[in-house]
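Trainee: generate coordinates for the sequence data below:
(one chain, ligands or ions: 1)
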Amino acid sequence: MSKKLRFETKAIHVGNKPDEETGAVSPPIHFTSTYQQSGVGKNRGFDYSRAANPTRQRYEENIASLEGANYGIAFASGMAATTALFQTLNQGDHVIIGRNTYGGTYRMAVEVLSKHGFYFEFVDTRFLDQVENVIKPNTKWIFLETPTNPLLELCDIKAIAQLCKSHDVKLAVDNTFMSPYGQNPLAFGADLVMHSATKSIGGHSDLLGGVLITNEKELADRLYFIQKSGGAVPSPFDCWMLLRSTKTMGLRVQKQSDNAMTLANRLESHPSIESIMYPGLESHPQFELAKCQQLNSDGVPIFGSIISIELGSVEARDHFLSKIKLFTLAESLGGVESLVCVPFGMTHGSVPVEIKNEIGLTECLIRLSVGIEHIEDLYDDITQALKK
Ligand SMILES: *Cc1c(COP(=O)(O)O)cnc(C)c1O
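Mentor: You can find the predicted model right below:
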């Protein structure tokens, strides 16, 4: 399938050829652990489903194309994907991670993999000099998120990719927050993209998944090897659900972002809101960077489905949470249904309090994941919940 096709077309067609045997337009789900061999070691490209499964291959081909890449390696969760990436390291290797990284990435790095002889260092990847200062001879990867969760700070992917090239370090971007529809880090020079497919790729809050995407064959081969060795693979059913979900990703993510932009504009001057963070607001310190880095399939800026607001006190926060109806109090994001969470005690519960203080993540910060409901219903719900 031509790589020149646009996002929405690839989402429908790549990996979605009708079934060769029956012509079924919706691809079959290959619920099998093993495959008949015509002789010892003679098979039709499949021998055991930990190594390869036709439904998983369809999904991997599809999702890789949506980041403009050749290789997609699917995992059972976002954390399984990130862990597999770090399993490419050798003892003594050093990795630089954005200081405001996803809580699970922090936990895996500090509480698990640091004990295996890998070194992780956390810096504010918004600032190029801070990143450059900690690059060492044994630095192998820089791993960053942009925008970050939940403070929505941006990192300049292109600038960091150039820095990486000049130091022979590889760049990985956790692109979960923007989805493949809203940002393509490989196009800015990153070597690898990671997604928690649990979020916008699945998009319906009904499964867990993760994926690593790259154009580098040697890296992809190593990651397929780790995938088959560790076996943290998604089931054929989840792969089929994901293949189905990417077909509507463009529609969903655009609508979510449009809803979020409207809410952010309307709420910016609300008297009960102390501060609001959204990369699409001109008041966001990195609005200009957002406009050149976060682009939809038509090259139009897109600012994502997440808004963070500060209400000033724990009382105001709890009052809001007790009144809000359409936003369900829950972790996760990127689904069709709106969710609300307090990262301090929920998604970032395992990040030490000192670090949360240092990065400016307070107990009063509320993160909204905006869904695809009607904008006026979402707006009415938020304004009634903000009433004292
Ligand atoms: C959810 C999330 C992860 C982890 O993904 P799981 O699918 O929950 O394992 C990693 N990074 C970001 C930015 C996330 O939001």
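Trainee: as a whole number, average confidence for stretch 371-381?
Mentor: Within the predicted structure, the mean pLDDT of stretch 371-381 is 98.
Trainee: what residues does that stretch touch?
Mentor: Residues outside stretch 371-381 that contact it (C-beta atoms under 8 Å, 6 or more residues apart in numbering) are 252, 255-256, 258-259, 262-263, 266, 305, 324-327, 335-339, 370. All C-beta atoms are positioned from the backbone trio N, CA, C, and that covers glycine.
Trainee: for the longest helix along the chain, which positions count as buried?
Mentor: If you go by DSSP state H, the chain has its longest helix at helix 249-267. Across helix 249-267, burial judged by 16 or more other C-beta atoms under 10 Å covers 249-250, 252-264, 267.
Trainee: can you list the domains in the chain?
Mentor: 7-246, 249-386 (automatic domain parsing).
Trainee: and those domains as TSV, adding distance to the ligand?
Mentor: Below are the domains of the chain laid out as TSV (distance: least, C-beta to the nearest ligand atom, whole Å):
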stretch	distance to the ligand
domain 7-246	2
domain 249-386	6
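Trainee: what residues does the lowest-mean-pLDDT helix or strand in the chain touch?
Mentor: Ranking every helix and strand in the chain by mean pLDDT, DSSP states H and E puts helix 353-359 at the bottom, with a mean of 89. The contact list for helix 353-359 (C-beta under 8 Å, 6+ apart) reads 99, 100, 151, 344, 348, 362.
Trainee: for that helix, which positions count as buried?
Mentor: Applying 16+ other C-beta under 10 Å to helix 353-359 flags 356, 359 as buried.
Trainee: in CSV, list the C-alpha atoms belonging to it.
Mentor: The C-alpha coordinates for helix 353-359 follow below in CSV (Å, rounded to 0.1, in the frame of the first residue of the first chain):
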residue,chain,number,x,y,z
VAL,A,353,6.0,14.3,46.6
GLU,A,354,9.3,16.2,46.3
ILE,A,355,9.4,15.6,42.6
LYS,A,356,5.7,16.6,42.2
ASN,A,357,6.4,19.8,44.1
GLU,A,358,9.5,20.5,42.0
ILE,A,359,7.7,20.2,38.7
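Trainee: show me how far it is from its chain's centre.
Mentor: 23 Å (C-alpha atoms, centre = their mean, to the nearest Å).
Trainee: sorry, back to before: could you say what helices and strands the longest helix of the chain packs with?
Mentor: helix 7-13, helix 179-182, strand 306-310, helix 375-386 (3 or more C-beta pairs under 8 Å, 6 or more residues apart in numbering; DSSP states H and E).
Trainee: what's the next secondary structure element after that helix?
Mentor: The helix or strand immediately downstream of helix 249-267 is strand 275-277, counting by DSSP states H and E.
Trainee: which of the residues in the helix or strand following that following strand are buried?
Mentor: Next helix or strand after strand 275-277 toward the C-terminus (DSSP H and E): helix 287-293. For helix 287-293, burial by neighbour count (16+ other C-beta under 10 Å) applies to 287, 289, 290, 293.
Trainee: the second one contacts residue 154, correct?
Mentor: The reference is to residue 289. Yes: using C-beta atoms under 8 Å, residue 289 makes contact with residue 154 at a distance of 5.0 Å.
Trainee: which element, helix or strand, includes the residue lying closest to residue 63 once chain neighbours are set aside?
Mentor: Counting by C-beta to C-beta, 6 or more residues apart in numbering, residue 63 lies nearest to residue 72, which is 4.6 Å off, once chain neighbours are set aside. Here residue 72, judged by DSSP H and E, is contained in strand 71-75.
Trainee: mind checking the end-to-end distance for stretch 163-175?
Mentor: 19 Å (C-alpha to C-alpha, to the nearest Å).
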